[in-house]
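S.K.: Provided below are the primary sequence and the corresponding predicted coordinates.
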Amino acid sequence: MNVPTVHPVPDVPAVPVVLQAKNLVKRYGHVTALDGMDFELRADEVLAVIGDNGAGKSTLIKALAIVPDAGEIRLDGRLVRFGSPIEARLAGVECCYQDLAVAPAMTVAENLFLGRELRRAGFLGRCLRMLDRQKMIDVAGARMADLQVGIHSMTQTVETLSGGQRQCVAVARAAAFARHVVILDEPTAALGVKEGNMVLELIRRVRDKGLPVVLISHNMPHVFEIADRIHVARLGRRAAVLNPKKLSMSDAVAVMTGATAPENIPAEWQA
Ligand SMILES: Nc1ncnc2c1ncn2[C@@H]1O[C@H](COP(=O)(O)OP(=O)(O)OP(=O)(O)O)[C@@H](O)[C@H]1O
Ligand SMILES: [Mg+2]
């Protein structure tokens with residue numbers, strides 16, 4: 001008798017995909033920064049995005065928050081089209097950009113509420129547009145304490161903080177207000193070992209609070225320490241999604257530089 005073979009279905013829990021992009025294209029004049037980039041962020045992860053300079057990493061996160069030339073983006077399964085980073089923010093997607101992190105001359109509280117200042121109640125706020133500074137200081141203090149950032153004065157200007165603390169303010173600003181996704185572009189660049197670890201700890205706490213994090217980084221030890229999966233960007237496309245537990249840093253660099261071609265990536269490296 002011919003008995004059909006039953007292949008057991010691997011017991012992989014279905015984790016929802018929070019943010020998904022398909023076939024993103026972004027051109028700057030003659031330069032094609034994104035050339036059909038796909039992207040997928042799961043609900044419970046830190047997804048690292050790695051790639052050489054110019055691979056399209058920063059453009060990817062900008063395209064997720066600013067309209068790309070082509071392609072589609074889904075947030076929690078729903079098709080979205082953000083006209084500006086503010087619209088992305090209102091939808092619960094917070095970005096911390098590589099090129100504009102914090103305003104040094106402003107206080108910690110002012111930085112946290114930059115672009116979403118709280119106004120006084122009633123006439124003073126509605127008509128005279130007066131800010132509720134005390135409330136912003138109180139809320140900032142509570143959010144920072146919640147994230148265990150270790151910065152206690154919300155009225156201190158950011159220029160008086162260390163590089164690591166400044167970066168923590170930038171990360172905390174994104175984390176404190178995000179409802180769906182936190183996207184961080186090179187948050188540990190130019191930081192010492194101790195300060196870099198401080199930011200990594202913060203990222204871990206954000207993930208453990210239930211917010212998925214996209215971490216763009218050139219720092220392989222940091223990526224391997226914290227990432228659940230690694231999205232490799234190359235020439236404006238996704239070259240692979242790797243499992244950091246199954247390959248070495250030099251394996252990942254080989255995929256990133258193209259020394260290992262996508263068709264030669266072993267199945268067990270992929271996530
Ligand atoms: N505003 C812009 N105007 C023109 N070209 C741009 C602009 N932004 C990015 N590009 C180009 O798009 C390509 C991808 O740039 P992108 O900033 O996304 O790279 P990246 O992967 O973030 O690099 P890095 O590791 O250096 O941060 C590059 O060739 C870059 O020169
Ligand atoms: Mg960049």
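M.R.: Received it, and whenever you're ready, just let me know what you need. Numbers count the residues shown, from 1 in each chain. Ligands and ions are numbered 1, 2, ... in the order given.
S.K.: For the stretch 1-150 of the chain, which segments are assigned as helices?
M.R.: 57-65, 85-90, 108-112, 122-126, 133-146 (DSSP state H, counting those that start in this stretch).
S.K.: nearest to ligand 1, of these?
M.R.: helix 57-65 (3.2 Å; Cβ to the nearest ligand atom). Heads up, the C-betas are built off the backbone N, CA and C, glycines and all.
S.K.: neighbouring contacts of that closest one?
M.R.: 19, 21, 24, 26, 33-34, 37, 39, 49-51, 71, 73, 82, 84-85, 87-89, 93, 95, 97-99, 183, 185, 214, 216, 233, 236 (Cβ atoms under 8 Å, 6 or more residues apart in numbering).
S.K.: hang on, the earlier thing: looking at the helices of the stretch 1-150 of the chain, which is nearest to residue 169?
M.R.: helix 108-112 (5.6 Å; Cβ to Cβ).
S.K.: Which strands and helices lie in contact with the closest one?
M.R.: If you count contacts as 3 or more Cβ pairs under 8 Å, 6 or more residues apart in numbering; DSSP states H and E, helix 108-112 packs onto helix 133-146, helix 163-177.
S.K.: deepest of these, which one?
M.R.: Among the helices and strands packed on helix 108-112, judged by mean count of other Cβ atoms under 10 Å, the one packed with the most neighbours on average is helix 163-177 (a mean of 23).
S.K.: Output that one as CSV, nothing but the C-alphas.
M.R.: Output of helix 163-177 as CSV, limited to C-alpha atoms (Å, rounded to 0.1, in the frame of the first residue of the first chain):
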residue,chain,number,x,y,z
GLY,A,163,27.9,61.6,24.7
GLY,A,164,26.3,58.4,26.0
GLN,A,165,23.7,60.2,28.1
ARG,A,166,22.8,62.4,25.1
GLN,A,167,22.3,59.4,23.0
CYS,A,168,20.2,57.9,25.7
VAL,A,169,18.0,61.0,25.6
ALA,A,170,17.6,60.6,21.8
VAL,A,171,16.7,56.9,22.2
ALA,A,172,14.5,57.6,25.2
ARG,A,173,12.6,60.2,23.2
ALA,A,174,11.8,57.7,20.6
ALA,A,175,11.0,54.9,23.1
ALA,A,176,9.0,57.0,25.5
PHE,A,177,6.4,57.9,22.9
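S.K.: Run through the residues of the protein sitting next to ligand 2.
M.R.: 57, 58, 98 (Cβ under 5 Å from the ion).
S.K.: got the residues you listed as CSV, with distance to residue 191 and pLDDT columns?
M.R.: CSV is the format used below for those (distance: Cβ to Cβ, whole Å; pLDDT from 0 to 100):
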residue, distance to residue 191, pLDDT
57, 18, 93
58, 18, 90
98, 14, 71
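S.K.: Now that we have the contacts of helix 57-65, which of them are buried?
M.R.: 19, 21, 24, 26, 33-34, 37, 39, 49-51, 71, 73, 82, 85, 88-89, 93, 95, 97-98, 183, 185, 214, 216, 233, 236 (16 or more other Cβ atoms under 10 Å).
S.K.: circling back: ok, which of the residues of the chain next to ligand 2 also contact ligand 1?
M.R.: Contacts with ligand 1 within the residues of the chain next to ligand 2, as defined by Cβ under 6 Å from any ligand atom: 57, 58, 98.
S.K.: sorry, back to before: strands - which of the contacts of helix 57-65 land there?
M.R.: 19, 21, 24, 26, 33-34, 37, 39, 49-50, 71, 73, 93, 95, 183, 185, 214, 216, 233 (DSSP state E).
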